[in-house]
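Student: just the structure for this:
(one chain, ligands or ions: 3)
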Amino acid sequence: MYHNLDLDHIDLTQEPPKEEPARQCYFMAKAKKQVSAMCEAAGRPMTFHVETFGCQMNARDSEKLTGILTAVGYVPSGTETADFVIYNTCTVRENANRKVYGRLGKLKRLKEENPYMRIALCGCMMQESHVVEKLRDSYGFVDLVFGTHNIYQFAQLFCQALESDAMVVEIWKDTDRIVEDLPAQRKYPFKSGVNIMFGCNNFCSYCIVPYVRGRERSRSPQAILEEIRKLVEDGVVEVMLLGQNVNSYGKTLDQPISFAKLLSQAAEIPGLERIRFMTSHPKDLSDELIQVMASSDKICRHLHLPVQSGSTRILDKMNRRYTKESYLDLAARIKKAIPDIALTTDIIVGFPGETEEDFQDTLDVVRKVRYSSAFTFQYSKRSGTPAAAMEEQISAEVVQDRFDRLLTLVQDIAREECAVWEGTTGKALVEQVNHQDESLLTGRLGNNLLVHFPGERSLIGKIVDVHLTECKGFYYMGEMIEWLYHQ
Ligand code: SAH
Ligand code: SF4
Ligand code: F3S
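Tutor: Residues are numbered from 1 along each chain as shown. Ligands and ions are numbered 1, 2, ... in the order given. Have a look, this model is predicted:
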């Protein structure tokens, strides 16, 4: 949502500039002309739909795609019956992958009925060569395929696709570039993700992310803080700093800086009310970070600290570089320094070689840490990762049984952890009108719990004090005390 983008004064009779982001602005101007011609020919606006399949970083990328599509004159359709449909894919688990192929079949039929329709695919799945081969062989109706490293070239690739009858495919193996300052259109006007780093160097043995997102690259603190300032000027009150392992932020910069320092500098930005961040790798979480979190009330009382397994033996095979004991010690130190913190986690069951005893260690960690919520996953074999070649893959029945037992425990504890706030008052950022009951608003507390309460829709985007009247399992019904922040 940068308002200073002036595409109408770019001279398209000249050659496109070589430097970025000026080059992409040139192609946006070119695309805008083409889209406007299509609107005229069709006698109606051209519509688009961006579908996100992956994590917060994937979602932030989708906002960038949306920003460019909006800048070139497309309007959102809200459905896949649109003139430009783009899937921003994820490949972290096999089922994310399968979903994409299933839905492409439906898009093919829609395209047969709409001469203006174009289909594009991007994101992590496109970084896998077998996926691109399959698309070329069996999904020839797709117009454009690009990957994670060159997403900033979207405008240029879009122009190429409009001019080509064949599928345009542009995938890079890796990159060390970060292109700043392209438009992004936020899903919510009042909150935003902010990338602080890209890629991952950890190579957990089950995980495909380092292969599809490339090496770790940190943005400069100046660029990050400037982006947050601009977002605040544009109405944002909450940011989420995003990276696969935010705790290793800044280590490879020319002038190294710790994540904790970046966080405390961000907390000083006037007008910014709340900061969240995701994800923290336990091996790199510093005492400095715990102190910064404890000393700033702008930093939300929520820490996502993926444990993956409670067994030191499995953690070693996963290449996580911490033990059950060091993880429990870390969780205890965090809780001691910040008693009202909500800890959440990710857990994988059925990693190759996981025994019942290993699994019991995972249950033990869940009982000891008492997570406010946990994402539980069945291990999914990703080709090319070290774990895929490990012997002793676990049978589907055993995985399902462990998964069910884990989920029951996680949910029982999450319910109890949620209930401890009953009768207290918390600050909630009002996010939307309640989906089921229009007289209610839905707000998010600093600890990430949702609360529903009566109120006017004009409060959306404001932070209000809410009395947490009744715990309903994983969320609250509440009553607003007063609203605190005016525009
Ligand atoms: N960078 C983050 C995680 C990103 S992927 C971190 O290190 O915490 C999100 C989650 O997906 C992971 O935490 C893990 O629990 C899960 N995941 C990743 N690869 C997986 C696989 N092969 N099978 C099942 N779950 C997986
Ligand atoms: Fe994957 Fe591990 Fe990197 Fe997270 S830290 S993205 S789980 S390799
Ligand atoms: Fe998926 Fe890529 Fe995120 S694989 S989890 S979208 S980094």
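Student: interface residues of this structure facing ligand 3?
Tutor: Selection of the chain residues close to ligand 3 by Cβ under 6 Å from any ligand atom yields 54-55, 57-58, 90-92, 124, 209, 212-213. All C-beta spots, glycine's among them, are computed from the backbone N, C-alpha and C.
Student: ok, which residues in the stretch 51-200 of the chain are in contact with ligand 2?
Tutor: Near ligand 2, when you scan the stretch 51-200 of the chain using Cβ under 6 Å from any ligand atom, you find C200.
Student: show me where the stretch 51-200 of the chain has helices.
Tutor: Counting by DSSP state H, counting those that start in this stretch, residue ranges of the helices within the stretch 51-200 of the chain are 56-71, 94-113, 129-138, 154-163.
Student: a markdown table for those helices, including mean neighbour count, mean pLDDT and distance to S296?
Tutor: Listed next are the helices of the stretch 51-200 of the chain as a markdown table, based on neighbours: other Cβ atoms under 10 Å; pLDDT from 0 to 100; distance: least, Cβ to Cβ, whole Å:
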| stretch | mean neighbour count | mean pLDDT | distance to S296 |
| --- | --- | --- | --- |
| helix 56-71 | 21 | 94 | 21 |
| helix 94-113 | 14 | 92 | 35 |
| helix 129-138 | 14 | 95 | 43 |
| helix 154-163 | 21 | 95 | 36 |
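Student: out of the ones you listed, nearest to I119?
Tutor: helix 94-113 (5.5 Å; Cβ to Cβ).
Student: may I have that closest one as PDB, with CA atoms only?
Tutor: Output in PDB follows, covering the C-alpha atoms of helix 94-113 (Å, rounded to 0.1, in the frame of the first residue of the first chain):
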ATOM      1  CA  GLU A  94       2.900 -33.800   0.900                       C
ATOM      2  CA  ASN A  95      -0.800 -32.900   1.400                       C
ATOM      3  CA  ALA A  96       0.000 -29.200   0.700                       C
ATOM      4  CA  ASN A  97       1.300 -30.400  -2.700                       C
ATOM      5  CA  ARG A  98      -1.600 -32.700  -3.500                       C
ATOM      6  CA  LYS A  99      -4.200 -29.900  -2.900                       C
ATOM      7  CA  VAL A 100      -2.600 -27.800  -5.700                       C
ATOM      8  CA  TYR A 101      -2.800 -30.500  -8.400                       C
ATOM      9  CA  GLY A 102      -6.400 -31.300  -7.400                       C
ATOM     10  CA  ARG A 103      -7.500 -27.700  -7.800                       C
ATOM     11  CA  LEU A 104      -5.700 -27.100 -11.000                       C
ATOM     12  CA  GLY A 105      -8.100 -29.500 -12.700                       C
ATOM     13  CA  LYS A 106     -11.000 -27.200 -11.800                       C
ATOM     14  CA  LEU A 107      -9.100 -24.100 -13.100                       C
ATOM     15  CA  LYS A 108      -8.700 -25.800 -16.500                       C
ATOM     16  CA  ARG A 109     -12.400 -25.900 -17.000                       C
ATOM     17  CA  LEU A 110     -12.800 -22.300 -15.900                       C
ATOM     18  CA  LYS A 111     -10.200 -21.300 -18.400                       C
ATOM     19  CA  GLU A 112     -11.900 -23.000 -21.200                       C
ATOM     20  CA  GLU A 113     -14.900 -20.700 -20.600                       C
END
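Student: what distance separates that helix from the centre of its chain?
Tutor: 22 Å (Cα atoms, centre = their mean, to the nearest Å).
Student: is there proximity between it and ligand 1?
Tutor: No. For a cut-off given as Cβ under 6 Å from any ligand atom, helix 94-113 has no contacts with ligand 1; the smallest distance is 8.2 Å.
Student: related to what we said a few turns ago, do you know which of the helices of the stretch 51-200 of the chain lies nearest P270?
Tutor: helix 56-71 (23.7 Å).
Student: packing partners of that closest one?
Tutor: Identification of packing neighbours for helix 56-71 by 3 or more Cβ pairs under 8 Å, 6 or more residues apart in numbering; DSSP states H and E yields helix 22-42, strand 47-52, strand 84-89, strand 118-123, helix 154-163, strand 191-195, strand 238-242.
Student: how about the longest helix along the chain as PDB, C-alpha atoms only?
Tutor: Using DSSP state H, we find that the single longest helix of the chain is helix 396-419. Extracted C-alpha coordinates of helix 396-419, given in PDB (Å, rounded to 0.1, in the frame of the first residue of the first chain):
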ATOM      1  CA  ALA A 396       0.700 -45.100   9.000                       C
ATOM      2  CA  GLU A 397      -1.300 -46.900  11.700                       C
ATOM      3  CA  VAL A 398       1.300 -46.200  14.400                       C
ATOM      4  CA  VAL A 399       1.600 -42.600  13.300                       C
ATOM      5  CA  GLN A 400      -2.200 -42.100  13.400                       C
ATOM      6  CA  ASP A 401      -2.400 -43.700  16.900                       C
ATOM      7  CA  ARG A 402       0.300 -41.500  18.300                       C
ATOM      8  CA  PHE A 403      -1.100 -38.400  16.600                       C
ATOM      9  CA  ASP A 404      -4.500 -39.000  18.100                       C
ATOM     10  CA  ARG A 405      -3.100 -39.400  21.600                       C
ATOM     11  CA  LEU A 406      -0.900 -36.300  21.200                       C
ATOM     12  CA  LEU A 407      -3.800 -34.200  20.000                       C
ATOM     13  CA  THR A 408      -6.000 -35.200  22.900                       C
ATOM     14  CA  LEU A 409      -3.300 -34.200  25.400                       C
ATOM     15  CA  VAL A 410      -2.400 -31.000  23.600                       C
ATOM     16  CA  GLN A 411      -6.100 -30.000  23.500                       C
ATOM     17  CA  ASP A 412      -6.800 -30.800  27.200                       C
ATOM     18  CA  ILE A 413      -3.900 -28.700  28.300                       C
ATOM     19  CA  ALA A 414      -4.700 -25.900  25.900                       C
ATOM     20  CA  ARG A 415      -8.200 -25.700  27.300                       C
ATOM     21  CA  GLU A 416      -6.900 -25.500  30.800                       C
ATOM     22  CA  GLU A 417      -4.300 -22.900  29.800                       C
ATOM     23  CA  CYS A 418      -7.000 -20.800  28.100                       C
ATOM     24  CA  ALA A 419      -9.300 -21.000  31.200                       C
END
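Student: check contacts around V232.
Tutor: 269-272 (Cβ atoms under 8 Å, 6 or more residues apart in numbering).
Student: make a PyMOL selection of the buried ones in these.
Tutor: Here is the PyMOL command that selects the buried residues among these (16 or more other Cβ atoms under 10 Å):
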select buried, resi 272
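Student: neighbours of Q14, just the number please.
Tutor: As a burial measure, Q14 scores 8 neighbours (other Cβ atoms under 10 Å).
Student: can you classify it by secondary structure?
Tutor: The local conformation at Q14, judged by DSSP: H, G, I helix; E, B strand; the rest coil, is coil.
Student: in terms of pLDDT, where does it sit?
Tutor: According to the prediction, Q14 has pLDDT 93.
Student: how many other residues sit next to P183?
Tutor: Neighbours of P183 (other Cβ under 10 Å): 24.
Student: that one touches D6, doesn't it?
Tutor: No. The pair P183 / D6 is not scored as a contact, 11.6 Å apart, by Cβ atoms under 8 Å.
Student: where do the contact lists of these two overlap?
Tutor: Common neighbours of P183 and D6 (Cβ under 8 Å, 6+ apart) do not exist.
Student: contacts only, for the residue in the stretch 51-200 of the chain positioned nearest to ligand 2.
Tutor: Relative to ligand 2, the nearest point of the stretch 51-200 of the chain is C200 (3.5 Å; Cβ to the nearest ligand atom). Going by Cβ under 8 Å, 6+ apart, C200 touches 207, 209-210, 213, 216, 244-245.
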